[in-house]
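> Structure of the sequence below:
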Amino acid sequence: MYTDYEIDCRTNIPAFKLRQSTVRRRYSDFEYFRDILERESARVTIPPLPGKVFTNRFSDDVIEGRRAGLEKFLKIVVGHPLLQTGSKVLAAFVQDPNWDRNAW
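So this is what the prediction gives:
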């Protein structure tokens, strides 16, 4: 059993194929995504993810806290001009419903 998080993307950034999209991602997907960004973007400091939770991970408070942390992470990453134009994985992560972390 796991929790996944909805990413609703609305953008006018040319590097993104879709103007609007919605996908769902697990926390582990965010971990892989962050690792890929760090390897791909040596000149950009990638912000941290909210910490891992080992107890009560399905409580409403824990899920909402993690969701808010993941949203903050994504807003920083998606708002970074170097990542908007230079990242190969960014648009795929926030827009492709079939995103496969093993493809990167």
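> Please settle this for me: is residue 5 part of a helix?
No. Counting by DSSP: H, G, I helix; E, B strand; the rest coil, residue 5 falls outside a helix, being strand.
> Quick check: buried residues in the helix-or-strand element of the chain with minimal mean pLDDT?
Taking mean pLDDT, DSSP states H and E as the measure, helix 81-86 is the helix or strand of the chain with the lowest mean score, a mean of 91. Neighbour-count burial for helix 81-86, counted by 16 or more other C-beta atoms under 10 Å, picks out 83, 84. C-beta here means a position set from N, CA and C on the backbone, and glycine is covered the same way.
> Could you list the alpha-carbon positions for that helix in PDB?
C-alpha atoms of helix 81-86 as PDB (Å, rounded to 0.1, in the frame of the first residue of the first chain):
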ATOM      1  CA  PRO A  81      15.100  29.000 -15.600                       C
ATOM      2  CA  LEU A  82      18.100  26.600 -16.200                       C
ATOM      3  CA  LEU A  83      16.000  23.600 -15.400                       C
ATOM      4  CA  GLN A  84      13.100  24.800 -17.600                       C
ATOM      5  CA  THR A  85      15.300  24.900 -20.600                       C
ATOM      6  CA  GLY A  86      18.100  22.500 -19.800                       C
END
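> which residues sit against that helix?
With contacts defined as C-beta atoms under 8 Å, 6 or more residues apart in numbering, helix 81-86 is touched by 13, 15, 37, 40, 41, 43, 44, 77, 78, 90.
> hmm, 10 Å instead?
11, 13-16, 37, 40-41, 43-44, 46, 76-78, 80, 89-91 (C-beta atoms under 10 Å, 6 or more residues apart in numbering).
> before we move on, what about stretch 58-73?
Around stretch 58-73, the neighbours that count as contacts under C-beta under 10 Å, 6+ apart are 1-3, 5-7, 25, 27, 30, 33-34, 46-53, 55-57.
> Narrow those to those that are buried.
When these are checked for burial by 16+ other C-beta under 10 Å, the buried set is 5, 7, 25, 27, 30, 33, 34, 46, 49, 50.
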